[in-house]
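sequence plus the predicted model coming up.
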Amino acid sequence: MKLRTESGKETSVNLLFYIFFLLIACTGMIYGQSIRGNYSFLRVWEFQNVLVLLLGVPCLFIQSRIELPDFMASNVPNRQRFLIPVLIGAVFGILDVLVIKILLHPEPYTELPPFLQPFPYSIFLYFSGALEIEVFYRLIPLSIILLIGKSYKNGRNFQTFLWVGIILTAFREPLEQLPDGGITFIFYSFVTGFLMNLMQAIYFKKAGFIASLTLRSGHYLFWHILLGIYVQYVEL
């Protein structure tokens, strides 16, 4: 009975955090629509962008069942949930800034490029973007794969399903977002994209969804937000 009560409490926490994340996305959507007239290049979410994230809600109720930590699982140290993931993400973000901005595009921008948005709106947009990717690249697909793994032969091949899910989800983003350019840049983008997604999937299994979201947020902090601040207030 105590186990069921604790499980129900963890699920409620999952849901509360998810609602909080959706509220941030809604705030960013409203903020973006209010300043849309000031920027011709502004990327603004529509209401359906938020609604589609509700597809991730059923997965919140099965995290512990498929051996994934709940969002704030008590047995996961906060350094595994927040500190280490954000530092890993920051490394990938700083690396992208060094390679893409400093080495490949050292000349000042004359306007914000498509991957940057005006500050402070960029905080909301890129958090929402990180949330969307983690829901559809990690939360939903890994939950489905692991649920099948738990059911197939009473879970005897669960570890196989786990690593197949980790590898497949790690390949998805770099394959979908192969950039234009020379072979060296394409290779760099693919390898770093795969490695970051691999680390996210590993930390999702180790520390839960928030760890994966935190890792991507660490990357976006440097690559999208801080670089955007520099371009907006220094180069333009």
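Cool, the structure landed.

buried stuff in the host helix or strand of Ala90?
Following DSSP states H and E, one finds Ala90 within helix 84-96. Within helix 84-96, the residues that count as buried by 16 or more other C-beta atoms under 10 Å are Ile84, Pro85, Val86, Ile88, Gly89, Ala90, Val91, Phe92, Gly93, Ile94, Leu95, Asp96. Bear in mind the C-beta positions are built from the backbone N, C-alpha and C, glycine included.

now these in a markdown table, with pLDDT and distance to Ile66?
Below are the buried residues of helix 84-96 laid out as a markdown table (pLDDT from 0 to 100; distance: C-beta to C-beta, whole Å):
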| residue | pLDDT | distance to Ile66 |
| --- | --- | --- |
| Ile84 | 98 | 23 |
| Pro85 | 98 | 20 |
| Val86 | 98 | 25 |
| Ile88 | 98 | 24 |
| Gly89 | 98 | 24 |
| Ala90 | 98 | 29 |
| Val91 | 98 | 29 |
| Phe92 | 98 | 27 |
| Gly93 | 98 | 30 |
| Ile94 | 98 | 34 |
| Leu95 | 98 | 32 |
| Asp96 | 98 | 32 |
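
what's the distance between the closest residue to Phe41 other than its chain neighbours and His224?
Excluding the flanking residues, the one nearest Phe41 by C-beta to C-beta, 6 or more residues apart in numbering is Leu112, at 6.5 Å. Distance, Leu112 to His224, by C-beta to C-beta, to the nearest Å: 11 Å.

more crowded one of these two?
His224 (23 against 19; other C-beta atoms under 10 Å).

check what pLDDT the closest residue to that one other than its chain neighbours gets.
Leaving aside its chain neighbours, His224 sits nearest to Tyr126 (4.6 Å; criterion: C-beta to C-beta, 6+ apart). In this prediction, Tyr126 carries a pLDDT score of 98.

thanks a lot, see you next time.
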